[in-house]
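K.L.:
Fold the following for me, if possible:
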Amino acid sequence: MQATLKHFFQRDQAWWNYVATCKVPIRPVVIENVTKLLSCGLNVRGCATYACSNPNCTHMKVVCFTCKSRFCSSCGKKATAQWIHRQHDILPHVPWQHITFTMPKSLWRLFKGNRHLLNTISALAAQVIQAIAKKRGLIVGIFTALHTFGRDLKWNVHIHLSTMRVGLDANHNLQSIYFKKNHIMKMWRYRIIDLLRKAYKNNKLTLPESLAALCPNFRDCNQWLNRRYQQRWIIHCAKPSFNHHHNVAYLGRYIKRPPLAQSRLKHYDGRNVVFNYLDHRTKTKRDFHCSISSFIERLTQHIPEKYFRMIRYYGILSNRMRGQLLPIVYQHIQQPKNDRPAPRWYHLMKRTFGHSPLQCILCGATMVLSDIRIGKPHIEIMMQHKALALMKTVK
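P.N.:
Residues are numbered from 1 along each chain as shown. Below is the predicted model of the structure:
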């Protein structure tokens with residue numbers, strides 16, 4: 001059986017040992033999400049009881065409720081499938097282009113120490129595309145996803161952006177549009193450096209200790225940023241595709257789930273962890289070895305702050321314009337409006353494993369809901385953090 005993140009955190013008290021020995025304060029949102037993970041699928045969260053619809057069969061099934069945390073791989077899989085389902089119904093069937101906005105790695109640490117700035121950079125990436133479209137007199141639809149991790153779980157801040165390759169003009173007609181990588185790079189580079197300059201000037205930028213010694217004042221900080229501004233930043237523009245399905249599926253894998261897929265976990269002996277990743281430079285899979293404490297640190301640093309929106313929508317897809325402009329796009333491309341309900345958990349399990357979890361294993365009849373037991377309130381579950389970490393009985 002494939003080991004889960006929950007197993008890695010609980011075996012040999014790995015998570016509790018990390019909490020006890022960690023030299024820096026652990027963010028409250030990390031404690032909350034790990035506690036949710038540890039309580040996922042336990043009676044403490046409540047459960048639903050299903051009984052066989054066959055009156056001659058006494059089989060019953062208890063299904064414990066899940067934690068709904070994006071840090072949980074099983075809950076993330078469900079959330080991912082439902083998000084992808086909604087996007088397939090909402091996004092217009094027009095040409096799309098996927099663009100990745102990166103920055104020099106020397107800037108990554110600034111965003112790690114100033115997480116409030118992460119709330120801005122998605123909008124800056126979207127502004128680049130919107131500014132190019134505006135010069136053409138067009139409004140396009142954009143959605144972005146913030147990534148803070150690389151394949152080996154290091155801190156690596158970048159934006160994945162998908163944009164329509166057509167837009168609405170002033171007369172609400174569809175016009176095609178294209179984007180030049182070099183032009184995008186210069187506009188993105190200016191916006192990020194300007195963001196950091198203003199943050200430092202307004203005392204809203206905390207510098208790492210090593211960098212603070214080099215930049216004791218605004219003049220020195222500005223010179224340090226200027227050297228990064230002179231570099232050529234990497235912008236990757238994928239080839240335009242005739243639908244959004246690939247982009248949605250790619251982004252969904254990482255936005256609604258932990259940054260490390262369960263299938264990539266290869267080994268854990270109580271002290272060391274081995275997981276594989278794709279090395280972009282060599283285009284080969286490599287194994288990454290680290291201690292369990294380093295693994296936990298690498299993984300939990302990517303848990304976003306509470307209520308942080310990893311996926312954002314702009315232009316035609318924004319909440320302000322979606323109701324007015326999307327129907328016009330649908331009409332141009334003759335795309336029917338689709339309001340299919342999101343797949344339920346038993347639909348997803350049948351799709352994944354090939355059989356329905358609500359089919360009686362004794363007689364084959366359908367299981368029906370017979371009872372629901374409400375679990376403990378969230379605040380009480382949080383109070384059981386230690387007991388869950390040590391796999392003790394939760395009172």
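K.L.:
Is Pro258 in contact with Gln301, as I believe?
P.N.:
No: applying Cβ atoms under 8 Å, one finds Pro258 not in contact with Gln301, separated by 11.9 Å. In short, each C-beta sits where N, CA and C put it, glycine included.
K.L.:
Between those two, point out the one with more neighbours.
P.N.:
For Pro258 and Gln301, the more surrounded residue by other Cβ atoms under 10 Å is Pro258, and the numbers stand at 23 against 16.
K.L.:
can you tell me how far the more buried one sits from Lys376?
P.N.:
For Pro258, the distance to Lys376 (Cβ to Cβ, to the nearest Å) stands at 24 Å.
K.L.:
and if you look at Ala199?
P.N.:
41 Å.
K.L.:
Lys181 too?
P.N.:
Going from Lys181 to Lys376 by Cβ to Cβ gives 52 Å.
K.L.:
what about the strands in the stretch 251-395 of the chain?
P.N.:
Counting by DSSP state E, counting those that start in this stretch, the stretch 251-395 of the chain has these strands, from start to end: 265-268, 272-279, 284-291, 311-315, 367-374.
K.L.:
Just the mean pLDDT for the second one, thanks.
P.N.:
This means strand 272-279. For strand 272-279, the mean per-residue pLDDT is 88.
K.L.:
Who are the packing partners of that strand?
P.N.:
Counting contacts by 3 or more Cβ pairs under 8 Å, 6 or more residues apart in numbering; DSSP states H and E, strand 272-279 is packed against strand 265-268, strand 284-291, helix 292-300.
K.L.:
any chance of these in TSV, plus distance to Phe143 and mean pLDDT?
P.N.:
Shown next, in TSV, are those (distance: least, Cβ to Cβ, whole Å; pLDDT from 0 to 100):
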stretch	distance to Phe143	mean pLDDT
strand 265-268	29	85
strand 284-291	29	90
helix 292-300	26	93
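K.L.:
can I get these in a markdown table with mean neighbour count and distance to Leu37?
P.N.:
Below are the helices and strands packed on strand 272-279 laid out as a markdown table (neighbours: other Cβ atoms under 10 Å; distance: least, Cβ to Cβ, whole Å):
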| stretch | mean neighbour count | distance to Leu37 |
| --- | --- | --- |
| strand 265-268 | 16 | 14 |
| strand 284-291 | 12 | 19 |
| helix 292-300 | 20 | 10 |
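K.L.:
For this structure, name the helix or strand with the lowest mean pLDDT.
P.N.:
Lowest on mean pLDDT, DSSP states H and E among the helices and strands of the chain sits helix 245-255, with a mean of 69.
K.L.:
Averaged pLDDT, stretch 183-201. What do you get?
P.N.:
For stretch 183-201, the mean per-residue pLDDT is 97.
K.L.:
can you check stretch 14-34 too?
P.N.:
94.
K.L.:
which regions of the stretch 251-395 of the chain sit below the pLDDT cut-off?
P.N.:
Along the stretch 251-395 of the chain, segments meeting pLDDT under 70 span 251-255, 395.
K.L.:
top helix in this protein by residue count?
P.N.:
Longest among the helix segments of the chain by residue count, using DSSP state H, is helix 181-201.
K.L.:
Following element in sequence after that one, please.
P.N.:
Next along the chain after helix 181-201, taking DSSP states H and E as the criterion, comes helix 209-214.
K.L.:
so who does Thr300 touch?
P.N.:
Residues in contact with Thr300, defined by Cβ atoms under 8 Å, 6 or more residues apart in numbering, are Ile26, Val30, Asn33, Val34.
K.L.:
switch the cut-off to 7 Å
P.N.:
With contact taken as Cβ atoms under 7 Å, 6 or more residues apart in numbering, Thr300 is in contact with Val30.
K.L.:
try Ala249
P.N.:
By Cβ under 7 Å, 6+ apart, the contact set of Ala249 is Ile84.
K.L.:
again with His244
P.N.:
Per Cβ under 7 Å, 6+ apart, neighbours of His244: Gln87, Leu91, Trp96, Ser162.
K.L.:
Repeat that for Leu138.
P.N.:
Contacts were defined as Cβ under 7 Å, 6+ apart; by that measure Leu138 touches Gly167, Leu168, Asp169, Gln175, Ile177.
K.L.:
out of those residues, which is most surrounded?
P.N.:
Most surrounded of the contacts of Leu138: other Cβ under 10 Å gives Gly167, at 26 neighbours.
K.L.:
Check for me that that residue belongs to a strand.
P.N.:
Yes: counting by DSSP: H, G, I helix; E, B strand; the rest coil, Gly167 falls inside a strand.
K.L.:
In this structure it contacts Gln175, no?
P.N.:
Yes: counting by Cβ atoms under 7 Å, Gln175 is a contact partner of Gly167 at 6.0 Å.
K.L.:
now the strands of the stretch 251-395 of the chain in CSV, with distance to Arg340?
P.N.:
Formatted as CSV, the strands of the stretch 251-395 of the chain follow (distance: least, Cβ to Cβ, whole Å):
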stretch, distance to Arg340
strand 265-268, 33
strand 272-279, 33
strand 284-291, 36
strand 311-315, 20
strand 367-374, 22
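K.L.:
and Ala48, which of those strands is closest to it?
P.N.:
strand 367-374 (5.2 Å; Cβ to Cβ).
K.L.:
Would you list the strands that the closest one pairs with, along with their directions?
P.N.:
Note on strand 367-374: by DSSP bridges, its sheet partners are strand 46-52 (antiparallel).
K.L.:
tell me which residues in the partner strand are buried?
P.N.:
Buried residues in strand 46-52, counted by 16 or more other Cβ atoms under 10 Å: Cys47, Tyr50, Ala51, Cys52.
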